[in-house]
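Q: task: produce atomic coordinates for the following.
(chains A, B, C and D)
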There are 2 protein chains.
Amino acid sequence: MSKSEVEELPVPRGGDVVPCCPPITAGELSQADAERMAAMFKALSDPVRLRLFSKIASHPGGEACVCDIADVGVSQPTVSHHLKKLREAGLLTSERRGTWVYYQVAPSVVAGMAALLDVRD
Amino acid sequence: MSKSEVEELPVPRGGDVVPCCPPITAGELSQADAERMAAMFKALSDPVRLRLFSKIASHPGGEACVCDIADVGVSQPTVSHHLKKLREAGLLTSERRGTWVYYQVAPSVVAGMAALLDVRD
DNA sequence: ACCTTGATTCGACGTCTGTCGATACAGCCG
DNA sequence: CGGCTGTATCGACAGACGTCGAATCAAGGT
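A: Next comes the predicted model:
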């Protein structure tokens, strides 16, 4: 087994919109859908991760170097740990360019979360 | 101190839209905003809570009796515990009518979460 | 080669969280 | 009143989580 670790969610790249789940008002979530979505919400359920995510999302192009966003009040290993969590949840992708590592938001995945929360009544 | 417990977020009722936070692409979240939003995402970060929430949201009128949604595979005290968490996060309100307790979704709060995740690029 | 800088992994620690059974509370109905 | 049903609280416990310092890996520069 070459990947016994936490399974990394596949991250769709490009402009394709991935309808992860119907709006939550459309019907009950299945057990499987609930677990997948819960994992994504859990990734954003920490203030540090939320700030890291917002720093990346608000950077031009939706991407940022770790060194640009590391100032969130915790140690640098902790920042790395949180970025890994966000990446494993499929909300971010990472790419090494020379000395630095750049993280990008996965827009379609985040849009899927927003679509789930469409509760207009 | 009459409420030394977990502080319950105020739940706006009625049709008024509450712009909790600007889209996450608009700029970095402040520490305080990050903590408030993280608390909401944390409330939806559990599969059981997500299924309870979806059952209520998909009920007509966005409200449901506990007895109608309690079948999610965990014990009744655990269901009650999760509903309390969702209520404390401001995502649900509760109301006792006779023997039964009805939970309703707080649409504007959920809409605020969705607005935060507006990451169109 | 070596050292420096950026980033990840490792190991440990205290805290928070989800779960349960037992118990208590709130209304209805005989 | 006394029992019954629906819901909430309590106390306990195992497992997950966030954090850190130390160590390791990756690229560049001198």
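
Q: when you work out contacts or count neighbours from here on, use the C-alpha atoms and nothing else.
A: Fine.

Q: per-residue pLDDT, the closest residue to residue A:102 other than its chain neighbours?
A: Excluding the flanking residues, the one nearest residue A:102 by CA to CA, 6 or more residues apart in numbering or on different chains is residue A:65, at 4.2 Å. pLDDT for residue A:65: 97.

Q: show me what contacts the residue positioned nearest the centre of chain A?
A: In chain A, the residue lying closest to the centroid (CA atoms, centre = their mean) is residue A:91, at 1.7 Å. Counting by CA atoms under 8 Å, 6 or more residues apart in numbering or on different chains, residue A:91 touches A:11, A:40, A:105, A:106, A:107, A:109, A:110.

Q: quick one: which of these sit in helices?
A: Per DSSP state H, helices hold the following members of the contacts of residue A:91: A:40, A:107, A:109, A:110.

Q: in chain A, which spans are helices?
A: A:31-43, A:47-57, A:66-69, A:76-88, A:107-116.

Q: what residues does chain A have near DNA strand C?
A: A:65-67, A:76-81, A:83-84, A:94, A:99-102 (CA under 7 Å from any atom of the strand).

Q: go back to those residues and keep what's next to DNA strand D.
A: A:76, A:77, A:78, A:81, A:99.

Q: tabulate the residues you listed (a markdown table), appending distance to residue B:45.
A: Output for these, formatted as a markdown table (distance: CA to CA, whole Å):
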| residue | distance to residue B:45 |
| --- | --- |
| A:76 | 25 |
| A:77 | 24 |
| A:78 | 21 |
| A:81 | 18 |
| A:99 | 35 |
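
Q: could you dump those residues to a markdown table with neighbour count, pLDDT and distance to residue B:28?
A: Formatted as a markdown table, those follow (neighbours: other CA atoms under 10 Å in any protein chain shown; pLDDT from 0 to 100; distance: CA to CA, whole Å):
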| residue | neighbour count | pLDDT | distance to residue B:28 |
| --- | --- | --- | --- |
| A:76 | 14 | 98 | 19 |
| A:77 | 10 | 98 | 21 |
| A:78 | 13 | 98 | 19 |
| A:81 | 13 | 98 | 20 |
| A:99 | 6 | 96 | 25 |
